[in-house]
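K.L.:
All I have is the shape, not the residue letters:
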């Protein structure tokens, strides 16, 4: 019997999608209102969202996430351009 080297990724549930969206909103708000934006970048990394698709977000929030992408090494964030 051959072991599967990688577990299959399951489609996220609605609850997981909602939680992930909440993390992205929180990171955008933290970037907007706090001085140390590195905390917001760390939040996304710890939540496993450093490569999230942000195309659905409002332009105001995307602007804040672009700061994290450009200045804090979250180059894999998608949907911000």
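P.N.:
Received it, and whenever you're ready, just let me know what you need. Everything quoted here is computed from the prediction, not taken from an experiment.
K.L.:
mind listing what the residue nearest in space to the middle of the chain touches?
P.N.:
Closest to where the C-alpha atoms of the chain average out (C-alpha atoms, centre = their mean) is residue 49, at 3.6 Å. The contact partners of residue 49, by C-beta atoms under 8 Å, 6 or more residues apart in numbering, come to 20, 23-24, 27. For the C-beta atoms, the positions are set from N, CA and C on the backbone; glycine is no exception.
K.L.:
so where is this protein shaky, pLDDT-wise?
P.N.:
1-10, 12 (pLDDT under 70).
K.L.:
can you give me the helices for it?
P.N.:
14-33, 38-46, 59-71 (DSSP state H).
K.L.:
Looking at the ones you listed, which is nearest to residue 79?
P.N.:
Closest to residue 79 of the helices of the chain is helix 59-71 (C-beta to C-beta; 7.7 Å).
K.L.:
List the buried residues in that closest one.
P.N.:
Buried residues in helix 59-71, counted by 16 or more other C-beta atoms under 10 Å: 61-62, 64-69.
K.L.:
Tell me which other helices or strands that helix touches.
P.N.:
Applying 3 or more C-beta pairs under 8 Å, 6 or more residues apart in numbering; DSSP states H and E, we find helix 59-71 packed against helix 14-33, helix 38-46.
K.L.:
got a list of contacts for the shortest one?
P.N.:
With contact meaning C-beta under 8 Å, 6+ apart, helix 38-46 is reached by 23-24, 26-28, 30-31, 34, 50, 52, 68, 72-74, 77.
K.L.:
cutoff 7 Å now
P.N.:
Here helix 38-46 makes contact (C-beta atoms under 7 Å, 6 or more residues apart in numbering) with 23, 26-27, 30-31, 50, 68, 72, 74.
K.L.:
Of those - the most surrounded one?
P.N.:
The member of those surrounded by the most neighbours (other C-beta atoms under 10 Å) is residue 27, with 28 neighbours in all.
K.L.:
so what's that residue closest to, chain neighbours aside?
P.N.:
Leaving aside its chain neighbours, residue 27 sits nearest to residue 40 (4.4 Å; criterion: C-beta to C-beta, 6 or more residues apart in numbering).
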